[in-house]
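Visitor: Dropping a prediction and its sequence here:
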Amino acid sequence: MKLMKNLIKKIPFVTYAYRRIRDERLANRKAVMTPFGFEMIGSEEMQKGEFEKADAKIFRKFVQDSDVLVDAGAHF
């Protein structure tokens, strides 16, 4: 995996091709209802509620059903 990441970083065309393939795969997926009651398109682990279980448990402890949240993102 490390070799692949290094290759992707060093060759711009590979980076472009990888991202395009990844994005097209996601664009063709259907939204799935999560165990938390909302639909999402993402990895199967996230859709099943199995991603970062400890963080999600703490988050659900402090957030009520009537709360409104905005995901501003953190990708720099």
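Guide: Received it, and whenever you're ready, just let me know what you need. All values reported here derive from a predicted model rather than from experimental measurement. Numbers count the residues shown, from 1 in each chain.

Visitor: can you give me the strands for the chain?
Guide: For the chain, the strands defined by DSSP state E cover 32-33, 39-40.

Visitor: need those in JSON lines with distance to residue 25, can you?
Guide: Backbone N, C-alpha and C define where each C-beta goes, glycine included. Compiled in JSON lines, those are given as follows (distance: least, C-beta to C-beta, whole Å):
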{"stretch": "strand 32-33", "distance to residue 25": "15"}
{"stretch": "strand 39-40", "distance to residue 25": "15"}
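
Visitor: which ones are touching the residue nearest the centre of the chain?
Guide: Centroid-nearest residue in the chain, with C-alpha atoms, centre = their mean: residue 42, separated by 4.9 Å. Taking C-beta atoms under 8 Å, 6 or more residues apart in numbering as the criterion, residue 42 is in contact with residue 26.

Visitor: circling back to that earlier point, looking at the strands of the chain, which is nearest to residue 9?
Guide: strand 39-40 (28.6 Å; C-beta to C-beta).

Visitor: Check the average confidence over that closest one, would you?
Guide: The average pLDDT for strand 39-40 rounds to 88.

Visitor: Contacts for it next, please.
Guide: 31, 32, 33, 34, 46, 47.

Visitor: Equivalent analysis for stretch 4-16, please.
Guide: residue 18.

Visitor: In that stretch, which of the residues would be classed as buried?
Guide: Applying a neighbour-count criterion of 16 or more other C-beta atoms under 10 Å, one finds nothing buried in stretch 4-16.

Visitor: what does stretch 48-58 contact?
Guide: 34, 35, 36, 43, 45.

Visitor: Neighbour count added to those residues, as CSV?
Guide: As requested, the contacts of stretch 48-58 are exported to CSV (neighbours: other C-beta atoms under 10 Å):
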residue, neighbour count
34, 14
35, 10
36, 10
43, 12
45, 10
